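Asks: Return a 3D structure for these sequence lines:
(one chain, ligands or ions: 1)
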Amino acid sequence: MNIKETLKKLEHTHIAEPQELLQIINDDSCDTQLFEAADRVRKSIYGNKVFIRGLIEISNYCKNNCYYCGIRCGNKNVERYRLTPDDILQCCKAGYALGFRTFVMQGGEDNYYTDNMLCDIIKQIKSDYSDCAVTLSLGERSKESYQRLYNAGADRYLLRHETASDKHYEMLHPTEMSFKNRIRCLMDLKEIGFQTGAGFMVGSPYQTRENLVNDLMFLKKLQPQMIGIGPFIPHRDTCFKNEKAGSLRDTLVMVALTRLLLPNALIPSTTALGTISENGRELGIKAGANVVMPNLSPVDLRKHYTLYNNKICMDTEAAEGLEALKMSMQNIGYEIVTDRGDYRA
Ligand code: SAH
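Replies: From the prediction side, this is the model:
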């Protein structure tokens with residue numbers, strides 16, 4: 001089949017062979033058609049709506065030492081902070097007034113937050129804002145812990161698989177971390193009933209195009225409700241400081257292929273995408289993404305949650321810049337809505 005026929009099949013059946021995906025990734029002559037097909041598929045399910053999530057970066061303490069990440073425990077140049085339950089509730093209050101109906105608590109793996117503490121925070125948010133969803137992005141935990149957080153009222157959990165190739169996973173993480181445990185976590189989250197998010201970085205060190213195809217096939221099989229895809233961006237205090245960042249084109253292609261393979265997925269146009277290119281986030285939306293996650297963290301602390309360098313956090317990607325973000329989405333034909341923005345099966 002030629003690439004146009006492959007694309008057409010993919011748009012209508014949402015199925016592709018690894019070889020066909022590789023062909024599309026390797027050939028940029030059909031990028032525009034690819035992005036348009038992904039946009040049609042997303043519009044057939046979610047229309048032109050863009051869902052917003054208020055991102056609260058609750059802590060930059062982390063016990064892990066992921067080689068790519070700026071807040072890894074081995075980085076002594078980070079000024080560490082953690083938010084108190086009250087700080088977090090203040091963020092929600094500000095976010096609710098702005099129109100956010102999903103709050104995402106993200107952080108490093110910080111044992112300071114016990115299950116009990118997190119459960120209390122979740123219950124408080126759910127009781128203060130019964131029309132809101134709570135999403136967690138706090139890394140790998142035991143199944144018992146996930147279950148307790150779910151029972152306390154958390155609706156969704158984001159845990160990127162980072163790469164679906166175990167050999168590649170080992171090149172990005174120290175030996176204490178394992179691909180097997182990452183997958184175990186994702187399985188547990190799904191089984192418990194969370195709307196579950198997986199995802200990966202594009203252009204991470206040592207990544208091959210076959211790895212990317214593998215990521216897509218993995219997602220197709222896992223069927224997560226949410227999928228986060230962003231370019232790898234080097235951080236100056238990591239072993240990967242001299243590596244190249246992932247490209248805009250490759251990231252957009254992966255977003256579009258993900259939309260075609262999993263038409264119902266909630267896919268953010270990520271901050272990392274907005275960081276590598278000035279209109280990256282708009283292009284991500286046009287390539288099939290339907291979520292943006294503006295930053296709701298306390299303004300003075302945002303600079304300390306640095307997973308990679310040059311992270312944008314003050315303009316339209318900040319919750320305070322929501323009006324500007326609304327305008328920029330309107331300009332390209334999309335509408336930001338005040339809505340929990342749940343998965344549509
Ligand atoms: N500790 C949580 C949250 C991680 S931060 C967890 O383990 O899930 C959220 C995501 O940021 C990570 O999953 C990773 O994909 C991404 N990230 C980390 N460092 C990055 C970098 N240097 N460039 C781009 N993305 C990065």
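Asks: Please, where are all the strands along the chain?
Replies: Per DSSP state E, the chain carries strands over the ranges 49-52, 54-59, 102-107, 133-137, 156-158, 195-202, 226-231, 291-292, 335-337.
Asks: quick one: buried residues of the last one?
Replies: Translated: strand 335-337. 336-337 (16 or more other C-beta atoms under 10 Å). Just so you know, the C-beta spots here come from the backbone N, C-alpha and C atoms, and that holds for glycine as well.
Asks: got a list of what residue 102 touches?
Replies: Counting by C-beta atoms under 8 Å, 6 or more residues apart in numbering, residue 102 touches 51-54, 132-135, 156, 340-341.
Asks: Just the buried subset of the residues you listed, written out for PyMOL, thanks.
Replies: Those of those that count as buried under 16+ other C-beta under 10 Å are selected in PyMOL with:
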select buried, resi 51+52+53+54+132+133+134+135+156+341
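Asks: Tell me the one of the contacts of residue 102 nearest the ligand?
Replies: Among the contacts of residue 102, residue 135 lies closest to the ligand (C-beta to the nearest ligand atom), at 11.6 Å.
Asks: residue contacts, that closest one?
Replies: Residues counted as contacts of residue 135 (C-beta under 8 Å, 6+ apart) are 53, 102-105, 154-158, 197.
Asks: can you rerun that using 10 Å?
Replies: By C-beta atoms under 10 Å, 6 or more residues apart in numbering, the contact list for residue 135 reads 53-56, 102-106, 154-158, 194-195, 197, 226, 293.
Asks: same check, this time on residue 59
Replies: By C-beta under 10 Å, 6+ apart, the neighbours of residue 59 are 71, 80-83, 105-110, 112-113, 138, 301, 305.
Asks: For the ligand, tell me which of those show up nearby.
Replies: With C-beta under 6 Å from any ligand atom as the criterion, these include 106, 108-109 near the ligand.
Asks: With pLDDT and neighbour count as extra columns, can I get those in a markdown table?
Replies: As requested, those are exported to a markdown table (pLDDT from 0 to 100; neighbours: other C-beta atoms under 10 Å):
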| residue | pLDDT | neighbour count |
| --- | --- | --- |
| 106 | 98 | 20 |
| 108 | 98 | 24 |
| 109 | 98 | 17 |
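Asks: Against which helices or strands is the top helix by length along the chain packed?
Replies: Secondary structure assigned by DSSP state H gives helix 31-46 as the longest helix of the chain. For helix 31-46, the packing partners by 3 or more C-beta pairs under 10 Å, 6 or more residues apart in numbering; DSSP states H and E come out as helix 3-13, helix 18-26, helix 248-261, helix 280-286.
Asks: With respect to residue 63, which of those helices lies nearest?
Replies: Residue 63 lies closest to helix 248-261 among the helices and strands packed on helix 31-46, at 28.8 Å (C-beta to C-beta).
Asks: Is there proximity between the closest one and the ligand?
Replies: No. Helix 248-261 is not in contact with the ligand by C-beta under 6 Å from any ligand atom; minimum separation 10.3 Å.
Asks: Please, a ChimeraX command that selects the buried ones among the contacts of residue 135?
Replies: Buried residues among these (16+ other C-beta under 10 Å), as a ChimeraX selection:
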select :53,54,55,56,102,103,104,105,106,154,155,156,157,158,194,195,197,226,293
